[in-house]
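[1] generate a structure from the sequence data that follows.
(4 chains)
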Number of protein chains: 2
Amino acid sequence: MTFSHENQPVKTRDMLIGALLRVPAHAIQRRIIEELNAAGFKGLSMPHMAVLRFPSPDGARPGVLAERAGVSKQAMNRLLGSLEDLGYLVRSDAPDEGRARVVHFTKRGRAAYAKALEVLRNIEVEWRDELGPEDFAKLKELLFRVWESPLVR
Amino acid sequence: MTFSHENQPVKTRDMLIGALLRVPAHAIQRRIIEELNAAGFKGLSMPHMAVLRFPSPDGARPGVLAERAGVSKQAMNRLLGSLEDLGYLVRSDAPDEGRARVVHFTKRGRAAYAKALEVLRNIEVEWRDELGPEDFAKLKELLFRVWESPLVR
DNA sequence: AGTTAATGGTAAACATAGTTTACTGAGGAC
DNA sequence: GTCCTCAGTAAACTATGTTTACCATTAACT
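    Numbers count the residues shown, from 1 in each chain, chains lettered A, B, ... in the order given. Below is the predicted model of the structure:
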(Lines give C-alpha, C1' and ligand atoms only; values in the text may rest on other atoms or scores of the structure.)
Protein backbone atom coordinates (compact mmCIF):
# COMPACT_ATOMS: atom_id res chain seq x y z
CA MET A 1 0.00 0.00 0.00
CA THR A 2 1.27 3.41 -0.94
CA PHE A 3 0.20 6.98 -0.66
CA SER A 4 1.44 10.08 -2.37
CA HIS A 5 3.36 12.77 -0.58
CA GLU A 6 4.64 15.64 -2.69
CA ASN A 7 4.74 13.36 -5.72
CA GLN A 8 6.93 10.81 -3.95
CA PRO A 9 5.23 7.47 -3.43
CA VAL A 10 5.79 6.28 0.14
CA LYS A 11 5.51 2.72 1.32
CA THR A 12 5.05 1.28 4.78
CA ARG A 13 8.69 0.29 5.10
CA ASP A 14 9.75 3.91 4.54
CA MET A 15 7.83 5.10 7.56
CA LEU A 16 9.73 5.06 10.80
CA ILE A 17 8.13 4.67 14.17
CA GLY A 18 8.89 8.29 15.05
CA ALA A 19 6.56 9.81 12.48
CA LEU A 20 4.00 7.05 12.89
CA LEU A 21 3.60 7.94 16.56
CA ARG A 22 4.16 11.70 16.36
CA VAL A 23 1.58 12.58 13.75
CA PRO A 24 -1.46 10.98 15.36
CA ALA A 25 -0.34 12.04 18.83
CA HIS A 26 -0.25 15.67 17.72
CA ALA A 27 -3.52 15.39 15.85
CA ILE A 28 -5.18 14.12 19.01
CA GLN A 29 -3.74 16.93 21.11
CA ARG A 30 -4.94 19.58 18.68
CA ARG A 31 -8.37 18.09 18.48
CA ILE A 32 -8.77 17.98 22.25
CA ILE A 33 -7.87 21.66 22.51
CA GLU A 34 -10.24 22.54 19.68
CA GLU A 35 -13.16 20.71 21.19
CA LEU A 36 -12.46 22.02 24.67
CA ASN A 37 -12.50 25.58 23.36
CA ALA A 38 -15.62 24.88 21.34
CA ALA A 39 -17.29 23.49 24.46
CA GLY A 40 -16.71 26.79 26.25
CA PHE A 41 -13.47 25.96 28.04
CA LYS A 42 -11.74 29.06 26.76
CA GLY A 43 -8.11 30.00 27.01
CA LEU A 44 -6.75 26.46 26.91
CA SER A 45 -3.87 25.97 24.50
CA MET A 46 -1.24 23.37 23.66
CA PRO A 47 1.14 24.12 26.52
CA HIS A 48 -1.67 23.62 29.04
CA MET A 49 -1.92 20.03 27.87
CA ALA A 50 1.30 19.40 29.77
CA VAL A 51 -0.94 19.61 32.85
CA LEU A 52 -4.35 18.46 31.62
CA ARG A 53 -3.39 14.95 30.68
CA PHE A 54 -3.07 11.48 32.04
CA PRO A 55 -2.56 11.01 34.88
CA SER A 56 -4.82 13.63 36.40
CA PRO A 57 -2.96 16.51 38.04
CA ASP A 58 -5.56 16.65 40.81
CA GLY A 59 -3.91 16.31 44.18
CA ALA A 60 -0.39 16.37 42.75
CA ARG A 61 2.56 18.52 43.75
CA PRO A 62 3.83 21.14 41.30
CA GLY A 63 7.26 19.58 41.29
CA VAL A 64 5.88 16.17 40.40
CA LEU A 65 3.92 17.68 37.52
CA ALA A 66 7.08 19.42 36.32
CA GLU A 67 8.98 16.16 36.31
CA ARG A 68 6.18 14.32 34.51
CA ALA A 69 6.02 16.99 31.83
CA GLY A 70 9.79 17.16 31.49
CA VAL A 71 10.04 20.88 32.19
CA SER A 72 11.55 22.91 35.01
CA LYS A 73 9.58 23.52 38.19
CA GLN A 74 9.49 27.22 37.33
CA ALA A 75 7.99 26.63 33.90
CA MET A 76 5.37 24.32 35.39
CA ASN A 77 4.60 26.87 38.06
CA ARG A 78 3.84 29.52 35.46
CA LEU A 79 1.65 27.10 33.56
CA LEU A 80 -0.19 26.36 36.80
CA GLY A 81 -0.50 30.08 37.46
CA SER A 82 -2.01 30.54 34.02
CA LEU A 83 -4.50 27.73 34.60
CA GLU A 84 -5.28 29.18 38.01
CA ASP A 85 -5.98 32.59 36.44
CA LEU A 86 -8.27 30.88 33.95
CA GLY A 87 -10.15 29.30 36.82
CA TYR A 88 -9.32 25.67 36.15
CA LEU A 89 -7.37 24.89 39.28
CA VAL A 90 -6.06 26.18 42.58
CA ARG A 91 -2.78 25.70 44.38
CA SER A 92 -2.98 25.41 48.14
CA ASP A 93 -0.61 24.53 50.94
CA ALA A 94 -0.18 20.82 51.47
CA PRO A 95 -1.81 19.73 54.71
CA ASP A 96 1.02 17.43 55.72
CA GLU A 97 4.12 19.38 54.80
CA GLY A 98 4.60 23.09 55.32
CA ARG A 99 6.90 23.75 52.40
CA ALA A 100 4.81 21.81 49.88
CA ARG A 101 1.87 22.85 47.72
CA VAL A 102 -0.92 20.83 46.17
CA VAL A 103 -2.83 21.33 42.94
CA HIS A 104 -6.58 20.78 42.93
CA PHE A 105 -9.13 21.13 40.17
CA THR A 106 -11.87 23.66 40.52
CA LYS A 107 -15.34 22.54 39.47
CA ARG A 108 -14.64 24.04 36.05
CA GLY A 109 -11.29 22.32 35.86
CA ARG A 110 -12.83 18.97 36.68
CA ALA A 111 -15.43 19.54 33.97
CA ALA A 112 -12.73 20.42 31.43
CA TYR A 113 -10.74 17.31 32.29
CA ALA A 114 -13.87 15.18 31.99
CA LYS A 115 -14.57 16.75 28.59
CA ALA A 116 -11.04 15.95 27.44
CA LEU A 117 -11.56 12.33 28.43
CA GLU A 118 -14.85 12.31 26.56
CA VAL A 119 -13.16 13.60 23.40
CA LEU A 120 -10.51 10.93 23.76
CA ARG A 121 -13.14 8.23 24.09
CA ASN A 122 -14.84 9.53 20.96
CA ILE A 123 -11.52 9.36 19.15
CA GLU A 124 -11.11 5.78 20.33
CA VAL A 125 -14.51 4.91 18.89
CA GLU A 126 -13.51 6.37 15.54
CA TRP A 127 -10.25 4.47 15.52
CA ARG A 128 -12.07 1.28 16.45
CA ASP A 129 -14.47 1.81 13.55
CA GLU A 130 -11.55 2.40 11.19
CA LEU A 131 -9.31 -0.48 12.26
CA GLY A 132 -11.90 -2.91 13.48
CA PRO A 133 -12.33 -3.95 17.12
CA GLU A 134 -9.67 -6.66 17.17
CA ASP A 135 -6.97 -4.59 15.53
CA PHE A 136 -7.75 -1.57 17.64
CA ALA A 137 -7.50 -3.66 20.80
CA LYS A 138 -4.26 -5.11 19.49
CA LEU A 139 -2.87 -1.63 18.82
CA LYS A 140 -3.62 -0.51 22.36
CA GLU A 141 -2.18 -3.70 23.79
CA LEU A 142 1.04 -3.28 21.85
CA LEU A 143 1.35 0.37 22.85
CA PHE A 144 0.71 -0.62 26.45
CA ARG A 145 3.47 -3.17 26.30
CA VAL A 146 5.78 -0.43 25.08
CA TRP A 147 4.56 1.79 27.91
CA GLU A 148 5.32 -0.87 30.49
CA SER A 149 8.73 -1.63 29.04
CA PRO A 150 11.95 0.23 29.78
CA LEU A 151 11.88 1.60 26.21
CA VAL A 152 10.24 4.89 27.07
CA ARG A 153 11.94 5.52 30.39
CA MET B 1 -1.21 -6.67 33.70
CA THR B 2 -0.78 -3.68 35.96
CA PHE B 3 1.88 -1.20 36.89
CA SER B 4 2.10 1.23 39.73
CA HIS B 5 1.83 4.95 39.24
CA GLU B 6 1.90 7.08 42.36
CA ASN B 7 0.47 4.19 44.36
CA GLN B 8 -2.49 3.82 42.01
CA PRO B 9 -2.57 0.54 40.14
CA VAL B 10 -3.30 1.16 36.46
CA LYS B 11 -4.62 -1.38 34.01
CA THR B 12 -4.61 -1.46 30.24
CA ARG B 13 -8.23 -0.43 29.95
CA ASP B 14 -7.50 2.77 31.91
CA MET B 15 -4.99 3.93 29.36
CA LEU B 16 -6.37 6.02 26.55
CA ILE B 17 -4.83 6.21 23.13
CA GLY B 18 -3.70 9.79 23.75
CA ALA B 19 -1.18 8.94 26.44
CA LEU B 20 -0.23 5.68 24.79
CA LEU B 21 0.91 7.57 21.70
CA ARG B 22 2.16 10.76 23.32
CA VAL B 23 4.59 9.28 25.81
CA PRO B 24 6.66 7.15 23.44
CA ALA B 25 6.51 9.84 20.74
CA HIS B 26 8.03 12.37 23.13
CA ALA B 27 10.57 9.91 24.44
CA ILE B 28 11.75 9.26 20.88
CA GLN B 29 12.03 12.98 20.13
CA ARG B 30 14.06 13.64 23.23
CA ARG B 31 16.36 10.73 22.56
CA ILE B 32 17.04 11.86 19.01
CA ILE B 33 18.00 15.33 20.23
CA GLU B 34 20.20 13.88 22.95
CA GLU B 35 22.05 11.57 20.61
CA LEU B 36 22.43 14.24 17.95
CA ASN B 37 23.98 16.59 20.49
CA ALA B 38 26.16 13.79 21.83
CA ALA B 39 27.32 13.05 18.28
CA GLY B 40 28.54 16.63 17.93
CA PHE B 41 25.52 18.16 16.25
CA LYS B 42 25.31 20.99 18.74
CA GLY B 43 22.60 23.54 19.17
CA LEU B 44 19.74 21.33 18.05
CA SER B 45 16.71 21.41 20.33
CA MET B 46 13.11 20.27 20.34
CA PRO B 47 11.69 23.05 18.17
CA HIS B 48 14.19 22.26 15.43
CA MET B 49 12.60 18.85 15.15
CA ALA B 50 9.69 20.57 13.43
CA VAL B 51 12.09 20.81 10.48
CA LEU B 52 14.39 17.82 10.90
CA ARG B 53 11.79 15.14 10.53
CA PHE B 54 10.03 13.02 8.02
CA PRO B 55 9.68 13.93 5.26
CA SER B 56 13.08 15.51 4.65
CA PRO B 57 12.99 19.30 4.35
CA ASP B 58 15.63 19.18 1.64
CA GLY B 59 14.41 20.95 -1.46
CA ALA B 60 11.21 22.16 0.18
CA ARG B 61 9.75 25.67 0.28
CA PRO B 62 9.61 27.43 3.66
CA GLY B 63 5.85 27.84 3.33
CA VAL B 64 5.36 24.13 2.78
CA LEU B 65 7.46 23.33 5.84
CA ALA B 66 5.38 25.77 7.86
CA GLU B 67 2.17 24.09 6.81
CA ARG B 68 3.56 20.62 7.54
CA ALA B 69 4.64 21.68 11.00
CA GLY B 70 1.39 23.50 11.70
CA VAL B 71 3.03 26.83 12.47
CA SER B 72 2.99 30.22 10.75
CA LYS B 73 5.36 30.93 7.88
CA GLN B 74 7.08 33.52 10.03
CA ALA B 75 7.70 31.08 12.88
CA MET B 76 9.07 28.53 10.43
CA ASN B 77 11.26 31.15 8.85
CA ARG B 78 12.85 31.97 12.19
CA LEU B 79 13.42 28.31 12.85
CA LEU B 80 15.06 28.02 9.44
CA GLY B 81 17.15 31.09 10.21
CA SER B 82 18.29 29.47 13.43
CA LEU B 83 19.22 26.25 11.62
CA GLU B 84 20.98 28.31 8.97
CA ASP B 85 23.01 30.10 11.66
CA LEU B 86 23.92 26.72 13.11
CA GLY B 87 25.15 25.64 9.70
CA TYR B 88 22.66 22.87 9.02
CA LEU B 89 20.92 24.35 6.00
CA VAL B 90 20.77 27.22 3.56
CA ARG B 91 17.88 29.06 1.98
CA SER B 92 18.37 30.12 -1.60
CA ASP B 93 16.23 31.58 -4.33
CA ALA B 94 14.16 29.06 -6.19
CA PRO B 95 15.45 28.61 -9.73
CA ASP B 96 12.02 28.53 -11.30
CA GLU B 97 10.14 31.23 -9.43
CA GLY B 98 11.54 34.59 -8.46
CA ARG B 99 9.53 35.16 -5.32
CA ALA B 100 10.08 31.67 -3.93
CA ARG B 101 12.88 30.25 -1.79
CA VAL B 102 14.16 26.73 -1.34
CA VAL B 103 15.69 25.01 1.65
CA HIS B 104 18.71 22.79 1.15
CA PHE B 105 20.79 20.85 3.62
CA THR B 106 24.42 21.68 4.02
CA LYS B 107 26.82 18.76 4.27
CA ARG B 108 26.53 19.04 8.05
CA GLY B 109 22.74 19.17 7.85
CA ARG B 110 22.61 16.08 5.72
CA ALA B 111 24.86 14.30 8.20
CA ALA B 112 22.63 15.34 11.10
CA TYR B 113 19.53 14.13 9.31
CA ALA B 114 21.23 10.83 8.52
CA LYS B 115 22.22 10.49 12.17
CA ALA B 116 18.62 11.10 13.26
CA LEU B 117 17.47 8.33 10.94
CA GLU B 118 20.15 6.07 12.35
CA VAL B 119 18.95 6.72 15.90
CA LEU B 120 15.39 5.98 14.82
CA ARG B 121 16.45 2.71 13.26
CA ASN B 122 18.25 1.76 16.47
CA ILE B 123 15.08 2.53 18.39
CA GLU B 124 13.14 0.30 16.01
CA VAL B 125 15.58 -2.54 16.67
CA GLU B 126 15.05 -2.15 20.41
CA TRP B 127 11.30 -2.15 20.03
CA ARG B 128 11.48 -5.21 17.80
CA ASP B 129 13.54 -6.98 20.42
CA GLU B 130 11.04 -6.04 23.12
CA LEU B 131 7.81 -6.86 21.27
CA GLY B 132 9.05 -9.58 18.97
CA PRO B 133 9.30 -9.24 15.20
CA GLU B 134 5.69 -10.11 14.38
CA ASP B 135 4.13 -7.81 16.95
CA PHE B 136 6.45 -4.97 16.05
CA ALA B 137 5.57 -5.33 12.38
CA LYS B 138 1.92 -5.47 13.37
CA LEU B 139 2.27 -2.27 15.42
CA LYS B 140 3.81 -0.42 12.50
CA GLU B 141 1.20 -1.74 10.13
CA LEU B 142 -1.64 -0.61 12.40
CA LEU B 143 -0.09 2.83 12.85
CA PHE B 144 0.38 3.08 9.13
CA ARG B 145 -3.28 2.30 8.57
CA VAL B 146 -4.12 5.12 10.94
CA TRP B 147 -1.73 7.38 9.04
CA GLU B 148 -3.40 6.57 5.75
CA SER B 149 -6.87 7.03 7.13
CA PRO B 150 -8.75 10.33 7.45
CA LEU B 151 -8.38 10.05 11.25
CA VAL B 152 -5.32 12.20 11.53
CA ARG B 153 -6.14 14.76 8.83
C1' DA C 1 0.44 47.26 -22.06
C1' DG C 2 -1.49 48.63 -17.44
C1' DT C 3 -4.04 47.78 -13.45
C1' DT C 4 -5.47 44.70 -9.94
C1' DA C 5 -5.37 40.79 -7.16
C1' DA C 6 -3.13 36.77 -5.25
C1' DT C 7 1.04 34.48 -3.65
C1' DG C 8 5.76 33.52 -1.33
C1' DG C 9 8.50 35.42 1.70
C1' DT C 10 10.07 38.77 5.15
C1' DA C 11 10.14 42.29 9.07
C1' DA C 12 8.66 44.30 13.38
C1' DA C 13 5.86 44.45 17.53
C1' DC C 14 4.01 41.92 20.85
C1' DA C 15 2.82 37.98 23.88
C1' DT C 16 4.01 33.55 25.64
C1' DA C 17 6.98 29.90 27.30
C1' DG C 18 11.07 28.08 28.79
C1' DT C 19 15.79 28.02 31.08
C1' DT C 20 19.23 29.65 34.27
C1' DT C 21 20.47 31.86 38.44
C1' DA C 22 19.30 33.13 42.86
C1' DC C 23 16.42 33.33 46.93
C1' DT C 24 12.96 31.93 50.85
C1' DG C 25 11.30 28.89 54.12
C1' DA C 26 10.47 24.15 55.99
C1' DG C 27 12.44 19.53 57.33
C1' DG C 28 15.80 16.48 58.64
C1' DA C 29 20.61 15.05 60.25
C1' DC C 30 23.90 15.74 63.46
C1' DG D 1 21.33 24.78 68.22
C1' DT D 2 24.02 24.48 62.96
C1' DC D 3 24.27 22.59 58.48
C1' DC D 4 22.27 20.74 54.56
C1' DT D 5 18.61 19.31 51.58
C1' DC D 6 14.27 20.03 49.44
C1' DA D 7 9.76 22.37 47.58
C1' DG D 8 8.51 26.28 45.80
C1' DT D 9 9.10 30.97 44.05
C1' DA D 10 11.02 35.19 41.69
C1' DA D 11 13.63 37.72 38.26
C1' DA D 12 16.44 38.14 34.19
C1' DC D 13 17.12 36.43 29.94
C1' DT D 14 16.37 33.71 25.75
C1' DA D 15 13.48 31.65 22.28
C1' DT D 16 9.40 30.75 20.14
C1' DG D 17 5.21 31.90 18.18
C1' DT D 18 1.32 34.94 16.60
C1' DT D 19 -0.50 39.07 14.57
C1' DT D 20 -0.05 42.90 11.62
C1' DA D 21 2.08 44.97 7.95
C1' DC D 22 5.00 45.15 4.01
C1' DC D 23 7.81 43.98 -0.45
C1' DA D 24 8.46 41.51 -4.72
C1' DT D 25 6.85 38.42 -8.10
C1' DT D 26 3.29 36.21 -10.59
C1' DA D 27 -1.22 35.76 -12.50
C1' DA D 28 -5.65 37.59 -14.00
C1' DC D 29 -8.30 40.79 -16.24
C1' DT D 30 -9.44 44.72 -19.21
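
[2] list the contacts for A:Pro95?
    A:Val102 (Cβ atoms under 8 Å, 6 or more residues apart in numbering or on different chains). Quick note: C-beta positions are derived from backbone N, CA and C, even for glycine.

[3] sticking with the residue nearest to A:Leu139 when sequence neighbours are not counted, tell me its helix or strand.
    Leaving aside its sequence neighbours, A:Leu139 sits nearest to B:Leu142 (Cβ to Cβ, 6 or more residues apart in numbering or on different chains; 4.5 Å). Element membership of B:Leu142 [criterion: DSSP states H and E] is helix B:133-148.

[4] and that helix, what other elements does it pack with?
    With contacts defined as 3 or more Cβ pairs under 8 Å, 6 or more residues apart in numbering or on different chains; DSSP states H and E, helix B:133-148 has these neighbours: helix A:17-38, helix A:107-131, helix A:133-148, helix B:107-131.

[5] now do the third one: distance to the chain's middle.
    In terms of Cα atoms, centre = their mean, to the nearest Å, the centre of helix A:133-148 is found 18 Å from the chain centre.

[6] return the set of buried residues in it.
    If you call a residue buried by 16 or more other Cβ atoms under 10 Å in any protein chain shown, then helix A:133-148 has these buried ones: A:135-136, A:138-140, A:142-148.

[7] one more: the first one?
    With burial defined by 16+ other Cβ under 10 Å, the residues of helix A:17-38 counted as buried are A:17-29, A:31-33, A:35-36.

[8] once you drop chain neighbours, what's closest to the residue nearest in space to the middle of chain A?
    Residue closest to the average C-alpha location in chain A (Cα atoms, centre = their mean): A:Arg53, at 4.0 Å. Closest residue in space to A:Arg53, ignoring its immediate chain neighbours: B:Ala19 at 6.7 Å, by Cβ to Cβ, 6+ apart.

[9] which residues does the one you found contact?
    Here B:Ala19 is in contact with A:53-54, A:147 (Cβ under 8 Å, 6+ apart).

[10] A:Gly18 now?
    Applying Cβ under 8 Å, 6+ apart, the residues contacting A:Gly18 are B:25, B:28-29, B:32, B:53-54, B:120, B:123.

[11] and whatever residue of chain A ends up closest to DNA strand C, how many neighbours?
    Of all residues in chain A, the one sitting closest to DNA strand C is A:Gly98 (2.7 Å; Cβ to the nearest atom of the strand). Here the number of neighbours of A:Gly98 (other Cβ atoms under 10 Å in any protein chain shown) works out to 7.
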